[in-house]
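> got a predicted structure plus its sequence, pasted below:
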Number of protein chains: 2
Amino acid sequence: MSTAEETAGGEVAPWGEVTPDAARRLLVAAVEAFAERGYHATTTRDIAGRAGMSPAALYIHYKTKEELLHRISRIGHTKALDILRTAARREGTAAERLADAVSSFVRWHAGGRTTARVVQYELDSLGPEARAEIVALRRQCDAEVRGIIEDGIASGEFDVLDVKGTTLAVLSLCIDVARWFSIDGPWTPDEVGALYADLVLRMVGASK
Amino acid sequence: MSTAEETAGGEVAPWGEVTPDAARRLLVAAVEAFAERGYHATTTRDIAGRAGMSPAALYIHYKTKEELLHRISRIGHTKALDILRTAARREGTAAERLADAVSSFVRWHAGGRTTARVVQYELDSLGPEARAEIVALRRQCDAEVRGIIEDGIASGEFDVLDVKGTTLAVLSLCIDVARWFSIDGPWTPDEVGALYADLVLRMVGASK
DNA sequence: GGGGACTCTAAGCGCTCGCTCACCTTCGGC
DNA sequence: GCCGAAGGTGAGCGAGCGCTTAGAGTCCCC
């Protein structure tokens, strides 16, 4: 990731695409605040304060508080889809690709748990049009995972009763990592990624 | 469940223990509002309005808005723990008990998704003391599931690499049902419960 | 039928919210 | 050295928030 940067929290934050600098600082501050307290409990004064600016400065770069959430959500979902798509389209068996998809997707949710929490849990705070755009991205994520599982069934690697349900369960398992993962906990993002890849291979009947 | 009642949404709502009647109506209204919009986005006027009362009526039965969330959270977590404990302590093999625990826990999250959503996702909105009480209940839930898995390993039924991680993943999978399940979706709570019981047995290496 | 306990309401207090506006600085181009 | 654009500030508006208070209605016990 050429645009990745390190924040104070030690997370990978690919916000390099957001310019100018002040707009990026505000967006990063918003991600942290939304993740900590939730969208509705976060005030625009809090966001501006974290970015070292006055409350009014926020409105130079963003029309509303919701636009901030929308931008965060779109960037985050695009990144998530990119991760799954890369794993789905690499070379290898379906089992290798599924393990790759799960472990990298989980690493993203664990390592970037601040961003992931906002992206995955504040969807309902968006207005109807913004939410529709994000929901479309989610469906593409779903399709990538389902594609790998279908490939594995076709090749005889996997043994799955309910493709749709299993796809949903796999994504659900990964997404929920953002809820419980803590950097102070007993695992590193890599360890959770490896554990979950193993569990998911068992779920699709591909374990050795 | 002798105290269970049917709400307009068709959910099982075991709020019979809450008296008097006005206090229960307010609590049910609060559950619905918190589930739909989140704790912070819900106003006390909205809760009172749903219960057919004036805003001030809320404060006759509850000291603060947070007390409502606390009561909901405690009742819900107690019920969740009760479900897991019942499954864990019944007769049968570890596989049977685990399947029972998962399917009934999932049914509760799917069928009572309104309650479950509040219980599982609004924890951070509680104050420190209230949160500590709820976190203790959650740890007991974790212990029940871990107990079944450890039994299965001891009896040779299960093949698990990381007991703590697998326990967490099983609970995580079940809890996240409250996030995505919709009564308008393609599954009934029973179907999701059965699917998830199968997936979890695969995760612990107990599938036939 | 009088009095206290309980339940609920109308009105509104003090506060903080998202957001705006008038104004100030900084800076590159000519 | 002047100018307009861009980026910033302090003060504050209207609205809605959680919550309180004074008092009215209703019930039961005597």
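In hand now; what should we look at?
> so in chain A, which helix runs the longest?
helix A:128-154 (DSSP state H).
> who's in contact with the very next helix or strand once past it?
Next in sequence after helix A:128-154, counting helices and strands by DSSP states H and E, comes helix A:163-175. Applying C-beta atoms under 8 Å, 6 or more residues apart in numbering or on different chains, the external contacts of helix A:163-175 come out as A:102, A:105-106, A:109, A:116, A:120, A:141-142, A:145-146, A:149-150, A:153, A:160, A:196, A:199-200, A:203-204, B:169, B:172-173, B:176-177, B:179-180, B:186-187, B:192, B:195-196, B:199. Just so you know, the C-beta spots here come from the backbone N, C-alpha and C atoms, and that holds for glycine as well.
> please enumerate residues in contact with the helix or strand that helix A:163-175 is followed by?
Downstream of helix A:163-175, the first helix or strand assigned by DSSP H and E is helix A:177-180. Helix A:177-180 has contacts (C-beta under 8 Å, 6+ apart) with A:106, A:109-110, A:113, A:116-117, A:119-121, A:192, A:196, B:121, B:168, B:172, B:175-176.
> which of the contacts of helix A:163-175 are buried?
Buried subset of the contacts of helix A:163-175 (neighbour count, 16 or more other C-beta atoms under 10 Å in any protein chain shown): A:102, A:105-106, A:109, A:116, A:120, A:141-142, A:145-146, A:149, A:153, A:160, A:196, A:199-200, A:203-204, B:169, B:172-173, B:176-177, B:179, B:187, B:192, B:195-196, B:199.
> which residues touch the residue nearest to residue A:41 when sequence neighbours are not counted?
Excluding its sequence neighbours, the residue lying closest to residue A:41 (C-beta to C-beta, 6 or more residues apart in numbering or on different chains) is residue B:40, at 4.2 Å. By C-beta under 8 Å, 6+ apart, the contact set of residue B:40 is A:38, A:40, A:41, B:125.
> torsion angles phi and psi at the third one?
Taking degrees, to the nearest 10, you get phi -90, psi -10 for the backbone angles of residue A:41.
> that one reaches residue B:125, doesn't it?
Yes. Using C-beta atoms under 8 Å, residue A:41 is in contact with residue B:125, at 7.4 Å.
> which helix or strand contains the residue minimising distance to the centre of chain A?
By C-alpha atoms, centre = their mean, chain A has its centre lying nearest to residue A:116, at 4.3 Å. Assessed by DSSP H and E, residue A:116 sits inside helix A:113-121.
> list the buried residues of the strand or helix carrying residue A:59.
Element membership for residue A:59 (DSSP H and E) is helix A:58-61. For helix A:58-61, the neighbour count (16+ other C-beta under 10 Å) marks A:58, A:61 as buried.
> does the following helix or strand past it come close to DNA strand C?
Sequence order places helix A:65-88 as the next helix or strand after helix A:58-61, per DSSP H and E. Yes. Judged by C-beta under 7 Å from any atom of the strand, helix A:65-88 and DNA strand C are in contact via A:65, A:66.
> which neighbouring elements make contact with helix A:65-88?
On a contact count with 3 or more C-beta pairs under 8 Å, 6 or more residues apart in numbering or on different chains; DSSP states H and E, helix A:65-88 meets helix A:21-37, helix A:44-50, helix A:94-111, helix A:113-121, helix A:128-154.
> anything in that helix near DNA strand D?
No. Helix A:65-88 does not reach DNA strand D (C-beta under 7 Å from any atom of the strand); its nearest approach is 12.7 Å.
> now that helix: mean pLDDT?
Mean per-residue pLDDT for helix A:65-88: 95.
> wait, isn't residue A:77 in contact with residue A:119?
Yes. Counting by C-beta under 8 Å, residue A:77 touches residue A:119, with 6.1 Å between them.
> who has more neighbours out of those two?
Neighbours per residue, other C-beta atoms under 10 Å in any protein chain shown: of residue A:77 and residue A:119, the larger number sits with residue A:119, 30 against 21.
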